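*Asks:* give the three-dimensional model of this entry:
(chains A, B, C and D)
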2 protein chains.
Amino acid sequence: MQDILFDFISKYVSLTEEEKNALLSLDLFHSAKKGTILLKEGQKSQENYFVLKGCIRVYYIVDGEEKTTAFYTEMEGVTPHCAINETYSEYYVSCIEDSILLVSNSDMGVEMNSKFPKFEIMCRMLSEELLAKKIIDFDEFKISSPEQRYLNLLQKRPDLIQRIPQYQLASYLGIKPQSLSRLKARILEKSTE
Amino acid sequence: MQDILFDFISKYVSLTEEEKNALLSLDLFHSAKKGTILLKEGQKSQENYFVLKGCIRVYYIVDGEEKTTAFYTEMEGVTPHCAINETYSEYYVSCIEDSILLVSNSDMGVEMNSKFPKFEIMCRMLSEELLAKKIIDFDEFKISSPEQRYLNLLQKRPDLIQRIPQYQLASYLGIKPQSLSRLKARILEKSTE
DNA sequence: AGTATTTCTTAACTTAAGTGAACGAGTTAA
DNA sequence: TTAACTCGTTCACTTAAGTTAAGAAATACT
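*Replies:* Numbers count the residues shown, from 1 in each chain, chains lettered A, B, ... in the order given. Purely as a prediction, here's the structure:
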């Protein structure tokens, strides 16, 4: 599992043994069972989660209804908003599969960044890359209909459609579960007629 | 105008005179008339735009129709995707008001980052902050109806509704201009009944 | 295995957004 | 000043999503 992490990091910077050891000494690796809630609405938390294996999701509860806004799978991570600006969380974060996570907090980040300038560089590269991706995703979402979004997801992340409950996928696509069912039936109809 | 820039930067890092001069020597300040197209679909460009005054927008043209996905006003900026991964741009960027912009390219970024570690730190802070904001904006977009999005915008960015043509606002809200008109009439009806 | 619970789908109906067209106000250009 | 355009709004109609409810299918529990 450590190798997977170091492989990932090596795409951005190359670490010395000392730096690798510093990273390992932070005791970041944790496993979490499916269903584990990592963060609840109204909680304060400093923790960041990076998925080495498995899948976590972010969801809001609005008028008693879950609204899923994001999934994070292998080599993706979340820094909850409440960990940045020290407020109470507006959303939940939970594991939807048995997962292996890197759990860190901002103190560790600050420490690593000040000890090793390389981490600073890696963090900049990573967040710039993620920002660019998010903007593209948001743009695509805005310029597409729910049906196009579904077809798009089918192309780009077919795994998500397989591994994730449909009712969670629905709000991820900005619609209700019933509409997702209908939409899929409509697509099937089109393709067979 | 320079002071506005330095004030903004001072929220993240404090610059020495040397650093300020290095920044000024890059000749970043440019003015652009309303209607200027900074980037076209299919073009390659290395330029980043940061708005000191005015407003720029990002839009796609899909089936001959403009789809506006973002506005950037004072103290906000764009790094077009094509400038990052050196591909052809999928969208347009244009000034919708007479504007004063900082125009930079990635070479300048690399140079400043390597000369002054402070810039590296500022860039990390900035992109982390922007990423967090984008995620929140995207979440809100997903969990809201077009009407809620409009009311939300009215609260958070009333200036945008004033200064921006309605047909551009509409696609920014994920709908057609006719639907925006209807939606506004609906809201007005509700509030007066 | 059998029961309980959750999730997915279908259906009928309501509401809102998409579409195509028309009109008026405001702007620009000849 | 008139003619051409652009933009915002309204209307009638179509299409798709929201809502409520019911039942089937899958999953979890004992």
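
*Asks:* close to DNA strand C, is the strand or helix carrying residue A:60?
*Replies:* Secondary structure from DSSP states H and E places residue A:60 in strand A:56-62. No. Strand A:56-62 is not in contact with DNA strand C by CB under 7 Å from any atom of the strand; minimum separation 11.7 Å. Any C-beta I mention is one placed from the backbone N, CA and C, and that applies to glycine too.

*Asks:* buried stuff in the helix or strand immediately after that strand in the chain?
*Replies:* Going down the chain from strand A:56-62, the next helix or strand is strand A:65-72, by DSSP H and E. Of the residues in strand A:65-72, A:67, A:68, A:69, A:70, A:71, A:72 count as buried by neighbour count, 16 or more other CB atoms under 10 Å in any protein chain shown.

*Asks:* what do you get for stretch A:100-107?
*Replies:* Neighbour counts using 16+ other CB under 10 Å place A:100, A:101, A:102, A:103, A:104, A:105 of stretch A:100-107 among the buried residues.

*Asks:* mean confidence for the longest helix seen in chain A?
*Replies:* Longest helix in chain A, counting residues (DSSP state H): helix A:117-143. Helix A:117-143 comes out with an average pLDDT of 93.

*Asks:* helices or strands next to that helix in the packing?
*Replies:* helix A:106-115, helix A:146-156, strand B:56-62, strand B:65-72, helix B:81-85, helix B:117-143, helix B:166-172 (3 or more CB pairs under 8 Å, 6 or more residues apart in numbering or on different chains; DSSP states H and E).

*Asks:* list the beta-bridge partners for the residue nearest in space to the middle of chain A.
*Replies:* In chain A, the centroid-proximal residue (CA atoms, centre = their mean) is residue A:72; its distance is 2.5 Å. Taking DSSP bridges as the rule, residue A:72 bridges to residue A:56.

*Asks:* so it makes contact with residue A:52?
*Replies:* No. The criterion here is CB atoms under 8 Å, and residue A:72 misses it with residue A:52 at 11.1 Å.

*Asks:* do the longest helix of chain A and DNA strand C meet?
*Replies:* No. Counting by CB under 7 Å from any atom of the strand, DNA strand C is not contacted by helix A:117-143; separation bottoms out at 10.3 Å.

*Asks:* flag every residue of chain A that's near DNA strand D.
*Replies:* So far as CB under 7 Å from any atom of the strand goes, chain A lies against DNA strand D at A:145, A:146, A:147, A:174, A:175, A:176, A:178, A:179, A:182, A:183, A:186.

*Asks:* right, I'll leave it there.
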